[in-house]
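In: Return atomic coordinates for the entry below.
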Amino acid sequence: MDRSTPPRAPTAAASPVARPFHLERFRDYLALEAGNSGNTVESYLRDITRLAEYASSRGAKSPEQLSASQLREFIYFLKDLGLAPTTIRREISAIRTYFKFLVGEGIAARDPSERIESPKRGARCPRS
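Out: Residues are numbered from 1 along each chain as shown. A predicted model of the protein is given here:
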């Protein structure tokens, strides 16, 4: 895929939270400024769309209204959905990247994701 053209995620673009949560700008940042692969852009955009829709369903009209405790509640929500720890770790990575973008662009004054912890990796069996 050509990196000069950011991939389109139809679910994110069609989402009612796309504009207030700056999803298209975030997509452009991921693809053009951060130079992420098309798969990473699509995954992160899907993850942040899920966060935005969750936040919106709980009354947040923009990402600036999210607190660290609300982000933790969202992580618990993901666990309750039965998502794998690796998926949740990627979601947390997407959230951290998203807030880094928002602060860097002057959209948000603070980053509530700074203290969010990722799920621990499972213990591996020793090889014989």
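
In: check contacts around Ser69.
Out: The contact partners of Ser69, by Cβ atoms under 8 Å, 6 or more residues apart in numbering, come to none. C-beta coordinates here come from the backbone N, C-alpha and C atoms, glycine included.

In: Just the pLDDT for it.
Out: Predicted confidence (pLDDT) for Ser69: 93.

In: element containing it, please.
Out: Ser69 is part of helix 68-80, with elements assigned from DSSP states H and E.

In: Buried residues in that helix, which are they?
Out: Gln70, Leu71, Phe74, Ile75, Leu78 (16 or more other Cβ atoms under 10 Å).

In: so which of those residues would you say is closest to Ala52?
Out: Phe74 (10.3 Å; Cβ to Cβ).

In: In space, what's closest to the closest one - neighbours in sequence excluded?
Out: Tyr54 (5.5 Å; Cβ to Cβ, 6 or more residues apart in numbering).

In: Provide the secondary structure category for that neighbour.
Out: helix (DSSP: H, G, I helix; E, B strand; the rest coil).

In: again, but for the one 5 residues further on
Out: Gly59 falls in the coil class when you classify it by three-state DSSP.

In: In contact with it, which residues?
Out: Applying Cβ under 8 Å, 6+ apart, the residues near Gly59 are Gln65.

In: So for it, what's the pLDDT?
Out: For Gly59, the predicted pLDDT is 94.

In: Equivalent analysis for Ser15, please.
Out: 80.
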